[in-house]
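In: no letters, just coordinates:
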């Protein structure tokens, strides 16, 4: 059983969103009693692992679990794996798969870490969850020992079928997912727009076969995959308990007379990946509407100069909460997400985001560029506003000015000029620009600080800066040191009660009246972190591929 719905709103035909915890427990209990013994989850499925773990702890039942590793570097694998074990309340996994082929291509030592964990008896089977045949070809040529491959396979999408015999000869288990094309077969053909005309035609044929055979579309699609002699396991997601009961009945009831109609289903195969691969569905009406502008706030607790700084308190709330409040005040930001890391210490940030209802993504500690790229993909963002959580006096008016300038000029990259105080920093870039930087950046400094690649290549990216009429570049309003925290606490104490969303204007007025406040932290070197990255710069990886 697939469990993405246990932790997130998954599937194009899912109208209810994430399943309530109590119902999840009922679904798991019913599934186990019905003979379903293996459950597929992933770190990226938000609360899924934790909910399954709570069920195991509460019920005492033992089940097989396959989970998946998100994008990371090899030195982060062990922490992430044991974090999953902890959430799942188990000591080992039936399977553990690399979930992000792009990440594997960047650091192939990641798989070596899985081999080590298998050697310790923590994982029974290791492998990959893939989307494209070229990924499989790469793995079959370069990886000696693979136990398990998870691939999309259904009546419309049979791209991997020609590899099945070779995989069986190498004793690779094949698990099929997306057998209903993320729920698309449950939609009426008339609900698909003109971009999906070939798929609409085949969906109509599927419904015609269903009517003629008196076998529901679900049973046709399920049996089409399960009858394939090469498929070891079929992964099926469930939206509710009633659906589980219906599916169990349909599969068992219609299995016997399915063979007669198998040849008719063979003719529904499509080859156009733009239609059958969900990652290409963004621009279609079938997918959720894009967020035009999404603000992504990078945050972590592992600062060397001021550990846990984003969770320090400012007038009763954490620094991160104050930053989020200010960004949400923007009139031009459609959605806000926090991009943190997979490290254990940053679970506090994830917990805080859950508590206050803010979306979050957990990714690489050092490759912040990848964190932004993966977050932006999840949000389907067209334009991304970059905000750092160590800027608790961010001014929403400045944020809106930069966004407006960016959109009005049709820029690829727009930012505040250096004439703004350090701490009033706003950057906006298109997803295309972010994707290009993500593909091409290879220096550690470019990946850690997100936008250096954009700044270095004005010939590739149309860019402009929002200028401030006076030079306030020497003013330090950011949070990196204890002295900075002392200064910012003082600013909040003096201004917050008068205006919860005080901005540049109010701070400048206060400092003009009390210039002595600035002596608290004005002796700290500006951009120390970035300068350190430049001194220690190195080639991080070869270029990434989509």
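Out: All right, it came through fine. Computed from a prediction, not measured in an experiment: that's the story for all the values here. Numbers count the residues shown, from 1 in each chain.
In: now the helices for the stretch 351-500 of the chain?
Out: Under the criterion DSSP state H, counting those that start in this stretch, helices of the stretch 351-500 of the chain are mapped to 368-379, 396-409, 431-440, 444-448, 452-456, 482-495.
In: hey, least reliable of these by pLDDT?
Out: Looking over the helices of the stretch 351-500 of the chain, mean pLDDT reaches its minimum on helix 444-448, with a mean of 84.
In: who touches the strand or helix carrying residue 52?
Out: Per DSSP states H and E, residue 52 falls inside helix 48-59. Helix 48-59 is contacted by residues 3-4, 6-8, 21, 24-25, 28-29, 39, 41-43, 61-63, 65, 67, 84, 86-90 when judged by Cβ atoms under 8 Å, 6 or more residues apart in numbering. The C-beta positions use only the backbone N, C-alpha and C, and glycine is treated the same way.
In: out of the residues you listed, which are inside strands?
Out: Among the contacts of helix 48-59, the residues falling in strands (DSSP state E) are 39, 65, 67.
In: now the residues you listed in CSV, with pLDDT?
Out: Supplementary listing: the ones in strands among the contacts of helix 48-59 in CSV, determined by pLDDT from 0 to 100:
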residue, pLDDT
39, 96
65, 97
67, 97
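In: okay if I get those residues as TSV plus neighbour count?
Out: As requested, these are arranged in TSV below (neighbours: other Cβ atoms under 10 Å):
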residue	neighbour count
39	24
65	23
67	29
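In: rewinding a little: of the helices of the stretch 351-500 of the chain, which stretch is the most buried?
Out: A comparison of these by mean neighbour count, using mean count of other Cβ atoms under 10 Å, puts helix 368-379 on top with a mean of 23.
In: could you give the angle of that helix to helix 431-440?
Out: Orientation check (axes from the mean of the first three to the mean of the last three Cα atoms, to 10 degrees): helix 368-379 against helix 431-440 gives 140 degrees.
In: so what secondary structure elements neighbour helix 368-379?
Out: Contact partners of helix 368-379 among helices and strands, from 3 or more Cβ pairs under 8 Å, 6 or more residues apart in numbering; DSSP states H and E: strand 293-298, strand 335-341, strand 359-363, strand 383-388, helix 431-440, helix 444-448.
In: which one of those lies closest to residue 272?
Out: The closest approach between residue 272 and any of the helices and strands packed on helix 368-379, judged by Cβ to Cβ, belongs to helix 431-440 at 22.2 Å.
In: residues in contact with that closest one: which ones?
Out: Under the criterion Cβ under 8 Å, 6+ apart, residues 369-370, 372-373, 376, 381-384, 412-413, 446, 450-451, 453-454, 460-461, 543-546 lie in contact with helix 431-440.
In: also stretch 398-410?
Out: With Cβ under 8 Å, 6+ apart, stretch 398-410 has contacts from 293, 295, 326-327, 330-333, 383, 385, 387, 411, 414-416, 420, 424, 426-428, 462, 464, 466, 503-504.
In: domains for this structure, by residue range?
Out: For the chain, the domain assignment from automatic domain parsing gives the residue ranges 4-280, 293-535.
In: the ones you listed: lowest mean pLDDT?
Out: domain 4-280 (a mean of 88).
In: tell me the helix or strand right after the host helix or strand of residue 174.
Out: With secondary structure defined by DSSP H and E, residue 174 is part of strand 173-177. From strand 173-177 onward toward the C-terminus, using DSSP H and E, the following helix or strand is helix 197-213.
In: coming back round to it: make JSON lines out of the helices and strands packed on helix 368-379 and add distance to residue 99.
Out: Formatted as JSON lines, these follow (distance: least, Cβ to Cβ, whole Å):
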{"stretch": "strand 293-298", "distance to residue 99": "20"}
{"stretch": "strand 335-341", "distance to residue 99": "16"}
{"stretch": "strand 359-363", "distance to residue 99": "12"}
{"stretch": "strand 383-388", "distance to residue 99": "22"}
{"stretch": "helix 431-440", "distance to residue 99": "17"}
{"stretch": "helix 444-448", "distance to residue 99": "20"}
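In: of the ones you listed, which is nearest residue 475?
Out: Distances from residue 475 to each of these were compared using Cβ to Cβ; the shortest belongs to strand 383-388, at 16.7 Å.
In: contact partners of stretch 163-174?
Out: Among residues not part of stretch 163-174, those counted as contacts by Cβ under 8 Å, 6+ apart are 125, 127, 133, 136-137, 140, 146-149, 151, 228, 230-233.
In: going through those residues, which ones are buried?
Out: Among the contacts of stretch 163-174, those that count as buried by neighbour count (16 or more other Cβ atoms under 10 Å) are 125, 127, 136, 146, 147, 148, 149, 151, 228, 230, 231, 233.
In: show me where the stretch 51-200 of the chain has its helices.
Out: Assigned by DSSP H, counting those that start in this stretch, the stretch 51-200 of the chain shows helices spanning 77-88, 101-106, 109-119, 133-142, 164-169, 197-213.
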